[in-house]
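Undergrad: could you look at this predicted model? Sequence included:
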Amino acid sequence: MTVKFWGTRGTRMVTGNAFRRYGRKTICCAVRCGDRIVVLDAGSGIVPLGSELQKSETRSLDLFLTHAHYDHVEGIPFFQPFYEKSFRIRIWAGPLKGIETTRDIVDGLMKEPYFPIRQEKFRAHIRYRDLGDEAVVELGDGIVVRTIKLHHPGGALGYRIDFEGRSFALITDTTHAPGQRDTALLKFLNGVDAFAYDCSYRDSEFAQFASFGHSTWEEALRLKQACGADSVYGLHHMPDRSDKALDAIADWLAAEDGGAFIARDGMEIALDCGRR
Ligand SMILES: [Zn+2]
Ligand SMILES: [Zn+2]
């Protein structure tokens with residue numbers, strides 16, 4: 001199992017040299033399980049993934065959406081495999097505030113006046129699948145995807161993927177209650193090798209953003225220690241968190257926990273033989 005982070009920025013894309021090293025694109029990561037691929041979220045990071053898939057032999061994939069905020073879906077209209085007849089794609093999501101079905105999420109993005117092309121113009125073979133809060137989905141070839149309801153305005157799902165004894169989870173966007181253990185999340189993360197977590201803030205910044213539905217670097221470490229995962233990757237970087245600011249967090253992380261890392265655009269990890 002390998003995981004590649006294609007987009008790690010939260011809230012919105014950023015530009016400029018101050019953000020060159022950690023990443024400018026919004027959330028997307030691709031989990032390879034043997035020759036299958038499971039894509040988590042469709043922020044702008046999914047656009048270069050689409051270009052790579054077009055050049056590869058992969059023609060079938062599953063795309064799971066955590067929720068429909070722009071930084072998690074804005075790449076959908078520009079994901080070129082949707083426009084190629086040779087691709088078979090299943091899109092999965094859970095119910096959200098005011099939106100019950102996965103098809104409706106995509107429909108909401110693909111219509112005038114927001115975008116000139118409707119989803120009916122997709123040429124790929126597309127199937128829409130709706131998920132519950134505690135779903136267990138067998139994708140075949142030994143790949144199992146589980147969901148958990150997260151704490152985020154409008155709703156969001158966390159995902160856990162298990163394959164051949166390895167396990168990775170994406171937990172974004174979500175918040176936490178300071179000083180309280182999220183027993184449901186700890187149970188969900190029990191036995192994962194690695195997870196990526198919503199690290200929008202530092203604990204010191206949390207109070208001013210407490211209602212925004214995001215979490216902290218320190219909470220990521222507390223969760224990692226409580227669930228026993230080998231590693232945690234912080235993502236959903238705040239738009240104004242520059243490379244320099246993230247370097248300072250990297251130094252602090254390295255001193256606190258050798259298994260805690262900052263996810264950056266283009267980073268690839270192999271869950272059976274450590275970080276690449
Ligand atoms: Zn977000
Ligand atoms: Zn969100």
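TA: That came through fine. Numbers count the residues shown, from 1 in each chain. Ligands and ions are numbered 1, 2, ... in the order given.

Undergrad: SS state for the residue of the stretch 151-276 of the chain found nearest ligand 2?
TA: Nearest to ligand 2 in the stretch 151-276 of the chain, going by C-beta to the ion, is Asp173, at a distance of 3.8 Å. (Glycine included, C-beta is placed from N, CA and C.) Secondary structure state of Asp173, per DSSP: H, G, I helix; E, B strand; the rest coil, is coil.

Undergrad: any idea how far Tyr197 lies from Asp35?
TA: To Asp35, Tyr197 is 28 Å away according to C-beta to C-beta, to the nearest Å.

Undergrad: was I right about Ala42 contacting Val73?
TA: Yes - the pair Ala42 / Val73 is scored as a contact, 5.2 Å apart, by C-beta atoms under 8 Å.

Undergrad: now do the shared contacts for those two.
TA: Residues touching both Ala42 and Val73 by C-beta atoms under 8 Å, 6 or more residues apart in numbering: Leu65.

Undergrad: of these two, which one has the most company?
TA: Taking neighbours as other C-beta atoms under 10 Å, Ala42 and Val73 compare with Ala42 leading, 33 against 24.

Undergrad: so, low pLDDT: which residues of the stretch 151-276 of the chain?
TA: 273-276 (pLDDT under 70).

Undergrad: sketch out the helices for it, chain order is fine.
TA: In the stretch 151-276 of the chain, the helices defined using DSSP state H, counting those that start in this stretch lie at 183-189, 203-206, 217-227, 243-256.

Undergrad: gap between stretch 231-249 and the chain center?
TA: In terms of C-alpha atoms, centre = their mean, to the nearest Å, the centre of stretch 231-249 is found 15 Å from the chain centre.

Undergrad: swap that for stretch 158-169, sorry
TA: That offset, for stretch 158-169, works out to 13 Å (C-alpha atoms, centre = their mean).

Undergrad: can you dump the C-alpha coordinates of that stretch into CSV?
TA: Extracted in CSV, the C-alpha atoms of stretch 158-169 (Å, rounded to 0.1, in the frame of the first residue of the first chain):
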residue,chain,number,x,y,z
GLY,A,158,-13.4,10.2,7.7
TYR,A,159,-12.1,7.2,5.8
ARG,A,160,-10.1,4.2,6.7
ILE,A,161,-8.6,1.8,4.1
ASP,A,162,-7.4,-1.6,4.9
PHE,A,163,-5.5,-3.8,2.4
GLU,A,164,-3.3,-6.8,3.0
GLY,A,165,-2.7,-6.2,6.6
ARG,A,166,-1.9,-2.5,6.1
SER,A,167,-4.1,0.4,7.0
PHE,A,168,-4.3,4.2,6.3
ALA,A,169,-6.9,6.7,7.4
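
Undergrad: and Arg127, which of the three is it?
TA: strand.

Undergrad: list the contacts for it?
TA: Contacts here follow C-beta under 8 Å, 6+ apart; on that basis Arg127 touches 89-91.

Undergrad: before we move on, what about Pro77?
TA: Here Pro77 is in contact with 109-110, 115, 117 (criterion: C-beta under 8 Å, 6+ apart).

Undergrad: residues in the stretch 151-276 of the chain within reach of ligand 1, list them.
TA: Contact residues (C-beta under 5 Å from the ion) of the stretch 151-276 of the chain with ligand 1: Asp173.

Undergrad: in CSV, list the helices of the stretch 151-276 of the chain along with mean neighbour count and distance to Arg9.
TA: Below are those laid out as CSV (neighbours: other C-beta atoms under 10 Å; distance: least, C-beta to C-beta, whole Å):
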stretch, mean neighbour count, distance to Arg9
helix 183-189, 17, 23
helix 203-206, 14, 17
helix 217-227, 19, 15
helix 243-256, 14, 11
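
Undergrad: dump those helices to JSON lines, plus distance to Met1.
TA: Putting those into JSON lines (distance: least, C-beta to C-beta, whole Å) gives the following:
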{"stretch": "helix 183-189", "distance to Met1": "16"}
{"stretch": "helix 203-206", "distance to Met1": "31"}
{"stretch": "helix 217-227", "distance to Met1": "18"}
{"stretch": "helix 243-256", "distance to Met1": "23"}
